[in-house]
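Undergrad: Predicted model follows, preceded by the sequence.
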Amino acid sequence: MKPTNLLNSSLGTTAYCDKVCVDNHGPENLISEDVVTRQNGVLLEHFIRPPVDIDFIFPCVCDIAYIKLKLAKASRAVQRLQVWTQFPGDSNWSKVTTEFDLEPQLVLRCGNVLPRHLTLTDHQLGSQRSVRSIRGVSKLRITILGMKDCVAVSLMGCEAIGLPSSRVPRDHPIFTKLRSPPSSNSAPTRRTPLSSSKPQIEESAKRRRIEDTAAVPEEFLDPITFSVMTIPVALPSGNAVDQSTLDKHVANENRWGRPASDPFTGVALTSKPIVITELKSRIDHFLSATGSTSGVRLADGRNVTRSDISRLVVERIAGHAGEPRNSRTSTNMENAFAEALSSARRILRGDFDNADSRKCPVCKDSGVNYKRGCGHYLCRSCVSKHAESQCTICGAQSTRSSIIKIHGK
């Protein structure tokens, strides 16, 4: 029998926390069989302060070899915690360890609990901290003592890798559950042309979405839309969401006459959320590194790859190359190439701010009063100086007679 994660609801393990949690972020997420639900983790209301106890009750007496904790997501990070255990028939808790100055992931090696012939090839453990052995326990408690920057208390993931104790009778139901194969490994059924094609297509699409989500680091995903964030901002609750997601939430609140608030806690926003520049730089690096091979769904619903950029550039160049040779010079070709690249960069950044199109492209003055024949704007002072020159945006040549005055914005 291989060591397994004992914190799984399918084995009969239960989770409990006596503090108020945010909706859909209770302790049961940590033992859920669904991958997406487990990623939500535990998040307590913003007014709850440490210490906070999260208890796990095993269906039988267990030996734990490793405890794997995921402690950070976006701006939420656990700084100090304790691990406790309880033996059957004993009401007192026994402290295993106190940990501080923690990394985003903590792995505790609980002595030499497993026999030598058992290996952990299915679990990525990484660097470990050694603690005393944990044998014959019925409960496990994680006590969060402090959060970084005093944000809302949270725990993003917890695994207890081990086996039922040797004292557990072999007819205990947990052994049947450990030996039974997963439901996904059941014998495949023969496909019928009409009755089963649609459910299978939906199932395969759902599986692809889960695989795509698993390929992206969890901290890069918007917890509301489950898409890669382009401009991550920090909320008072400690969550990080994309700016576009927050804008949609604020617009919906304004539609009902309510002030802008945190979508997780409902607390009013007294100031503009701060962009998490460190996280944004890591997301940009991830998009530039992986965009060449796979599409990434951004928070505004777009799927952008580097192949799309290459195609855009090639189409722009091919369009100019198809014109008569004497109509374009090499300088114009370079301008077209630079324009295609800048358009592609705007696509990746999600920079679709239409306010810049109403500014004077020469002096960047927003008080525009005149428009060229190509549709771009000029301010009053630049009309007298650059009326006969080429447009700095599209390169079109205009005359003074083609410039018209506009009224209002």
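TA: Yep, that arrived.
Undergrad: what's the helix or strand for Glu278?
TA: helix 277-290 (DSSP states H and E).
Undergrad: ditto for Ile64
TA: Here Ile64 is assigned to strand 52-70, by DSSP H and E.
Undergrad: Please spell out which residues along the helix holding Glu278 are buried.
TA: Neighbour counts over helix 277-290 (16 or more other C-beta atoms under 10 Å) mark 279-280, 283, 287, 290 as buried. No exception for glycine: its C-beta is placed from N, CA and C like everyone else's.
Undergrad: of those residues, closest to Leu69?
TA: Leu279 (20.8 Å; C-beta to C-beta).
Undergrad: Wait, that closest one touches Pro232, no?
TA: Yes - using C-beta atoms under 8 Å, Leu279 is in contact with Pro232, at 4.8 Å.
Undergrad: Mind listing the shared neighbours of these two?
TA: Listed contacts common to Leu279 and Pro232 are 74, 240; contacts here mean C-beta atoms under 8 Å, 6 or more residues apart in numbering.
Undergrad: Show me the shaky parts of the stretch 251-400 of the chain.
TA: 290-358, 367-368 (pLDDT under 70).
Undergrad: And the strands in the stretch 251-400 of the chain?
TA: 274-275, 296-297, 303-304, 368-371, 377-379 (DSSP state E, counting those that start in this stretch).
Undergrad: With the stretch 1-150 of the chain instead?
TA: Under DSSP E, counting those that start in this stretch, the stretch 1-150 of the chain gives strands at 4-5, 14-17, 42-43, 52-70, 72-73, 76-86, 94-100, 105-110, 129-131, 134-147.
Undergrad: and these as JSON lines, adding distance to Pro223, mean neighbour count and mean pLDDT?
TA: JSON lines is the format used below for the strands of the stretch 1-150 of the chain (distance: least, C-beta to C-beta, whole Å; neighbours: other C-beta atoms under 10 Å; pLDDT from 0 to 100):
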{"stretch": "strand 4-5", "distance to Pro223": "23", "mean neighbour count": "18", "mean pLDDT": "87"}
{"stretch": "strand 14-17", "distance to Pro223": "19", "mean neighbour count": "18", "mean pLDDT": "93"}
{"stretch": "strand 42-43", "distance to Pro223": "9", "mean neighbour count": "26", "mean pLDDT": "92"}
{"stretch": "strand 52-70", "distance to Pro223": "14", "mean neighbour count": "21", "mean pLDDT": "91"}
{"stretch": "strand 72-73", "distance to Pro223": "8", "mean neighbour count": "21", "mean pLDDT": "83"}
{"stretch": "strand 76-86", "distance to Pro223": "10", "mean neighbour count": "20", "mean pLDDT": "91"}
{"stretch": "strand 94-100", "distance to Pro223": "26", "mean neighbour count": "15", "mean pLDDT": "91"}
{"stretch": "strand 105-110", "distance to Pro223": "18", "mean neighbour count": "20", "mean pLDDT": "88"}
{"stretch": "strand 129-131", "distance to Pro223": "28", "mean neighbour count": "12", "mean pLDDT": "86"}
{"stretch": "strand 134-147", "distance to Pro223": "17", "mean neighbour count": "20", "mean pLDDT": "92"}
